[in-house]
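Colleague: Build the 3D model from these lines:
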Amino acid sequence: MSASEDQADIEKVLAGDFSAFEGVVRRWQGPLVNMAYRFFRDRGRAEEMAQEAFLRAFRGLKSWRRDAAFSTWLFALAANLYCSELRRIPPSTVPLDEVSEPADPHQMSGSFDEAERNYAVRQAVFALPAKYRDVLILFYFHEMDVPTTAARLGLPAGTIKARLSRGREILRNKLHRLLEGHHLEQVCREEFL
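Modeller: Numbering: from 1, shown residues only. Okay, the predicted model is just below:
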């Protein structure tokens, strides 16, 4: 996915050739839908939200300052849209206190059922308050580093670090038995990538 292709297509769109935006959509549709799916866990909603992100990008092309790659601007726009949509219509979740833990992972034939662990971690992450959930989704689901996560959410890096720390602490406290012998970071990356 070439930055020069994005640049050329956008220049054409800004010059009045609106059909050139199709190239942008072709290049970035899969990644934007995948990113939306990580937020919403619903394929139909993910496709709708990616379409909305493209529409907003098309309408706001003049606001792209070109001091960063177009893809960075597009993904920041999409992340902000997805976070706003999650706040507006949250996915159906259960309260964090009601996320069930397995009885005893050590009694389950020596190993913990991976599907059950993944489900419990997923439910716990989605039950977090939005400010922690959004940061964890971008950091773990999309393997963004702290500066990129901060840029996408429009927050200082220190705030991102604090929210990552607090979000992990909340998950550790809720899932302490589930995570025995596992690092939370490893479990999150395994589950959401």
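
Colleague: In the protein, mark out all the helices, start to finish.
Modeller: Secondary structure of the chain, counting by DSSP state H: helices at 3-14, 21-40, 43-59, 70-88, 114-127, 130-136, 146-153, 157-174, 184-192.

Colleague: what's the most buried one of these?
Modeller: Neighbour counts (mean count of other Cβ atoms under 10 Å) averaged over each of those peak at helix 130-136, with a mean of 21. Glycine gets a C-beta too; all of them are placed from N, C-alpha and C.

Colleague: tell me what that helix is packed against?
Modeller: Helices and strands touching helix 130-136, by 3 or more Cβ pairs under 8 Å, 6 or more residues apart in numbering; DSSP states H and E, are helix 70-88, helix 114-127, helix 146-153, helix 157-174.

Colleague: run the last query once more with 7 Å
Modeller: helix 70-88, helix 114-127, helix 157-174 (3 or more Cβ pairs under 7 Å, 6 or more residues apart in numbering; DSSP states H and E).

Colleague: Confidence-wise, which helix or strand of the protein is lowest on average?
Modeller: helix 184-192 (a mean of 56; mean pLDDT, DSSP states H and E).

Colleague: So, low pLDDT: which residues of this protein?
Modeller: 1, 90-119, 177-193 (pLDDT under 70).
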